[in-house]
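[1] Okay, sequence plus prediction incoming.
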Amino acid sequence: MLRTTTSQRFKNGLIPRNISSRRFLASRPDFYDLTSDTATEVTDDMFDIMRSASRKDDVFGNDPSVNELEHHLGLRSLLTQPPHSVLCDAQSHINLYECGGLAYHSQASVTAVASTNGVYLTAEDVDTNRVLEDVHNASTKVIALENTLNGTIMPMKEMQNIHSLARKNNIKLHLDGARIWNASQATGISLEEYGQLFDTVSVCVSKGIGAPIGSLLVGSNDLVKKARHLRKLMGGGWRQAGLLAKIAQHCIGTVVPTMPETHRLTKKLASGLEQLGIRILLPVDTNMVFIETTPMDMKELANALKERNILISSDDSSVTRLVLHHQIDENAVDKIVQVASDLINTKGYIFSRSSSKTSNVDVSKAYPSIQH
Amino acid sequence: MSPVIDNTAREHVHDLTSDTATIPTDEMFDIMKTATRGDDVFGADDDVNDLEVFMANMLGHEASLFCASGTQSNQIGLRTLLTQPPHSVLCDARAHIFVHECGGLSYHSQASVTPVIPKKGLYLTAEDVEANINKDTLTGAVTRVVALENTMNGTIMPFEEIKRIRAVCDKHGLYLHLDGARLWNASAATGVSMSEYGKLFDSISVCLSKGAGAPIGSIIASTKDRIRHARHLRKLMGGGWRQAGFLAKIARHCIETAVPTMPETHKLASRLATHLQSLGIRLALPCETNMLFLDFAPAGLTAEDFAVELRKKNIKITATSGSTISRVVLHYQVTAEVIEQFMDVATNIVKSHGKPVTTAMETDVKENGNTTNSSIESLGAAYPSGKN
């Protein structure tokens, strides 16, 4: 198995047991995990911040730290009664990586649309594919968008067009904004401007933001109240969660402003790899680079990087995803390009420049998975 | 252990509404720093994995899964046993899985429920179970799982009875699940080990965030295959958390430090119970572990009367408006001093406000069914609710 477990990394001395209290882990031996921005490391000083959190019971909504941070909602709260369906991008997280949750939690059918331009859904895509009211049908009741999706940004204009279309047809709108922070930092559009287009918004704090655990669902008071009940039904009624809320709030405040720099480094990485002949599969808008390495063996690249303490996802395919976050520095980026360059030169790989970018590239293989 | 500080309040309030009120102490955050920081979605965190192995061994099972709550661990455990409708779960009519888990059995497993009122009072017997098994494969939702709860309302299901129910399940080809949220208390009180209990069940849920003292978490234990499935189910329920190592580490710490103090907690509960009874207050249920179900009516008082006076001493109890009953729950962070104060307040309030009564030493959960019915129905107001 290429991905070493945390325990192996400890044993190899790659991660010291007592990590430095500094938020930036510069004192560690150079170790970088680019498999995902969920890999953002918890630092010692985070526990000191957690210690200052309130310690009440969140099942009863008694905890001030959690109450300040949270508004909870869900797709379930927008979907009232079957027959009904959700329209979303075929590559979206809610379609591919949530264990069939739409069917399970809401008994909803899914209209998974492959975007025409290969990057984001347009209003035309949505209009063409939405399911109309008919006795045979599970009509579209919710349009769910994802921004960023595979690190790419959905343009505001397009979101507004889809919003108009939805309203005209009495359809609700949900945003999987797990990485909306990145979109916002890249475009300059505020979270509020994005949020106003949607009935419910989900934002994640455990990815690029760097908190250990958590995600938030935002919406109206009534929906939030309903969502809290749904959350308990799903076993999410946790007790003294103040410490989690407090650290999340801290991370949002301190990490979000570092995203432009992360994006700059990501672009630098993409550019460096592209110059070597490696194909970049999707626009590099924020903190992700999807690469296709043929004829270079992906596993070879991963191994070479591992020797330099850099972890990337890899499997038998030639596609992978590199994800940056605030704990990945310029040093790591330069190293990756260097290692790739050395490998290409050593092995004499020749990259075909004539292949055009295909739309609808299947990047699902690029995601880290539990089987690897 | 370090002193209990509720760091956002000016004065610490002793919360006796539930043992979920156990709060993290300052020193716990230093312990959290020593935890591993891997991603539990991929099962890549050592401290979480260690906790799961530790608990599986303790409960006599192959594997276990660290969940966010008792509701989650119960519903997941039951889901792994409930493969295909039509099917139903047989349980006590008061069971948490039926009454306080948001209809989870229907939702997560499309299972019907056969809620049984125990004939003899406190706990389900093998006879109760056998009399209520549904075998109707034509029009019924056949019983697939029998689910027990120990402790329930702080009372203990005798080990012998559990064994008899296990035999009934084996005879009829049924699974047996335990909601052992407070199994620690039963074990501390009876001397039966967690493993001895655990081995009788196909799946077993134990809570870490109640008397055991962790801020968050619960465990479901079963076979390797079921736990593998359980992990998938947990993700489906949105329980796939990332760097949860520190939660696992602190849970382990709490198990090792708080659980051994349970006998002491039980002694305090018993002491409080005896004193209150001497004042004429009735116990609606026997005080066998860390809970008291108090009925203030014989003393001519309401729960609110008590709550108001106790609040002056920074002691909080459940007091539903207009009710004369209240559930009082002790845990390791409720000290002997707090109990002394409670007893003093009780003595004073009964003397000054209550009507004089003769001592009522016996509880009145009788052998016949009628009293039990009314006992079960009338306890709802004793519980804390989201409305408080």
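    Arrived safely.

[2] And stretch A:185-200, what's buried?
    A:185-187, A:189, A:191, A:194-195, A:197-200 (16 or more other CB atoms under 10 Å in any protein chain shown). Bear in mind the C-beta positions are built from the backbone N, C-alpha and C, glycine included.

[3] Rebuild those as CSV, extending it with pLDDT, distance to A:Lys347 and secondary structure.
    Converted to CSV, the buried residues of stretch A:185-200 look like this (pLDDT from 0 to 100; distance: CB to CB, whole Å; DSSP: H, G, I helix; E, B strand; the rest coil):
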residue, pLDDT, distance to A:Lys347, secondary structure
A:Gln185, 97, 38, helix
A:Ala186, 97, 35, helix
A:Thr187, 98, 40, helix
A:Ile189, 97, 44, coil
A:Leu191, 95, 46, helix
A:Tyr194, 97, 45, helix
A:Gly195, 96, 49, helix
A:Leu197, 97, 49, coil
A:Phe198, 96, 48, coil
A:Asp199, 95, 52, coil
A:Thr200, 94, 49, strand
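
[4] Of the residues you listed, which is the nearest to chain B?
    A:Thr200 (14.4 Å; CB to the nearest CB).

[5] who touches that closest one in this structure?
    Neighbour list for A:Thr200: A:73-75, A:77-78, A:172-175, A:217-219, A:223 [criterion: CB atoms under 8 Å, 6 or more residues apart in numbering or on different chains].

[6] what bridges to it?
    A:His174 (DSSP bridges).

[7] Within range of chain B, give me the residues from the stretch 151-300 of chain A.
    A:206, A:212-213, A:229-230, A:232-241, A:243-244 (CB under 8 Å from any CB of the partner chain).

[8] Which of the residues you listed are buried, as a PyMOL select command?
    Selecting the buried subset of these in PyMOL, with 16+ other CB under 10 Å as the burial test, is done by:
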select buried, chain A and resi 206+212+213+230+232+233+234+235+236+237+238+239+240+241+243+244
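
[9] which ones are touching A:Met259?
    Per CB under 8 Å, 6+ apart, neighbours of A:Met259: A:181-182, A:185-186, A:208, A:286-287, A:326.

[10] If we only consider the residues you listed, which is nearest to A:Met159?
    Proximity of the contacts of A:Met259 to A:Met159 was ranked by CB to CB; the top entry is A:Ala186 with 14.3 Å.

[11] The nearest residue to that closest one once chain neighbours are set aside: which element?
    Nearest non-adjacent residue to A:Ala186, counting by CB to CB, 6 or more residues apart in numbering or on different chains: A:Thr286, 5.3 Å away. Using DSSP states H and E, A:Thr286 sits within no helix or strand.

[12] Tell me the confidence at A:Thr286?
    Looking at A:Thr286, its pLDDT reads 98.

[13] residues near it, how many?
    Residues contacting A:Thr286 under the criterion other CB atoms under 10 Å in any protein chain shown number 29.

[14] ok, it touching A:Arg179?
    Yes: taking contacts as CB atoms under 8 Å, A:Thr286 lies within contact range of A:Arg179: 7.0 Å.

[15] what is the mean pLDDT for stretch A:330-350?
    Mean predicted confidence for stretch A:330-350 is 95.

[16] Touching it from outside, list them.
    By CB under 8 Å, 6+ apart, stretch A:330-350 touches A:30, A:32, A:34, A:265, A:268-269, A:272-273, A:276-278, A:295-296, A:300-301, A:304-305, A:308, A:310, A:312, A:322, A:324.

[17] Kindly report the same for stretch B:80-89.
    B:78, B:97-98, B:105, B:109-114, B:134, B:140-147, B:175, B:177, B:202-203, B:222, B:226, B:229-230, B:233.

[18] Look up how far B:Ser209 lies from the closest residue to B:Tyr123 other than its chain neighbours.
    Nearest residue to B:Tyr123, sequence neighbours excluded (CB to CB, 6+ apart): B:Met157, at 4.3 Å. Going from B:Met157 to B:Ser209 by CB to CB, to the nearest Å gives 22 Å.

[19] got it, and A:Leu175?
    32 Å.

[20] out of the two, which sits in the busier spot?
    The neighbour comparison of A:Leu175 against B:Ser209 (other CB under 10 Å) goes to B:Ser209, with 27 against 23.

[21] gap between stretch B:138-155 and the chain center?
    Remark: stretch B:138-155 is offset 16 Å from the chain centroid, using CA atoms, centre = their mean, to the nearest Å.

[22] swap in stretch B:92-104?
    12 Å.

[23] any idea how far the residue nearest to A:Ala186 is from A:Leu324?
    For A:Thr286 relative to A:Leu324 (CB to CB), the value is 9 Å.

[24] re the thing from before, which of the contacts of stretch B:80-89 fall in strands?
    If you go by DSSP state E, the contacts of stretch B:80-89 have B:112-114, B:143-147, B:175, B:177, B:203, B:222 in strands.

[25] Put the buried members of the residues you listed into a ChimeraX selection.
    Here is the ChimeraX selection string for the buried members of the ones in strands among the contacts of stretch B:80-89, based on 16+ other CB under 10 Å:
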select /B:112,113,114,143,144,145,146,147,175,177,203,222
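
[26] want to try JSON lines for the ones in strands among the contacts of stretch B:80-89, with pLDDT as columns?
    As requested, these are exported to JSON lines (pLDDT from 0 to 100):
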{"residue": "B:Ser112", "pLDDT": "95"}
{"residue": "B:Val113", "pLDDT": "96"}
{"residue": "B:Thr114", "pLDDT": "96"}
{"residue": "B:Thr143", "pLDDT": "97"}
{"residue": "B:Arg144", "pLDDT": "98"}
{"residue": "B:Val145", "pLDDT": "98"}
{"residue": "B:Val146", "pLDDT": "98"}
{"residue": "B:Ala147", "pLDDT": "98"}
{"residue": "B:Tyr175", "pLDDT": "98"}
{"residue": "B:His177", "pLDDT": "98"}
{"residue": "B:Ser203", "pLDDT": "98"}
{"residue": "B:Ser222", "pLDDT": "98"}
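
[27] Tabulate the ones in strands among the contacts of stretch B:80-89 (JSON lines), appending distance to chain A.
    Formatted as JSON lines, those follow (distance: CB to the nearest CB, whole Å):
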{"residue": "B:Ser112", "distance to chain A": "17"}
{"residue": "B:Val113", "distance to chain A": "15"}
{"residue": "B:Thr114", "distance to chain A": "21"}
{"residue": "B:Thr143", "distance to chain A": "23"}
{"residue": "B:Arg144", "distance to chain A": "19"}
{"residue": "B:Val145", "distance to chain A": "18"}
{"residue": "B:Val146", "distance to chain A": "21"}
{"residue": "B:Ala147", "distance to chain A": "16"}
{"residue": "B:Tyr175", "distance to chain A": "20"}
{"residue": "B:His177", "distance to chain A": "15"}
{"residue": "B:Ser203", "distance to chain A": "15"}
{"residue": "B:Ser222", "distance to chain A": "16"}
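
[28] Closest to B:Glu127 out of the ones in strands among the contacts of stretch B:80-89?
    Using CB to CB, B:Val146 comes nearest to B:Glu127 of the ones in strands among the contacts of stretch B:80-89, at 12.9 Å.

[29] Any regions of chain A where pLDDT drops low?
    A:1-30, A:60-74, A:353-362, A:364-365, A:368-372 (pLDDT under 70).

[30] any idea how it splits into domains?
    A:48-254, A:258-366 (automatic domain parsing).

[31] measure the last one end to end?
    By CA to CA, to the nearest Å, the extent of domain A:258-366 from end to end equals 25 Å.

[32] In the stretch 101-250 of chain A, what residue lies closest to chain B?
    Nearest residue of the stretch 101-250 of chain A to chain B (CB to the nearest CB) works out as A:Gly235 at 2.3 Å.

[33] For that residue, which non-adjacent residue is spatially closest?
    B:Gln72 (2.3 Å).

[34] what about the helices in the stretch 101-250 of chain A?
    Here the stretch 101-250 of chain A has its helices, by DSSP state H, counting those that start in this stretch, at A:101-106, A:123-129, A:156-168, A:180-187, A:191-195, A:221-233, A:242-255.
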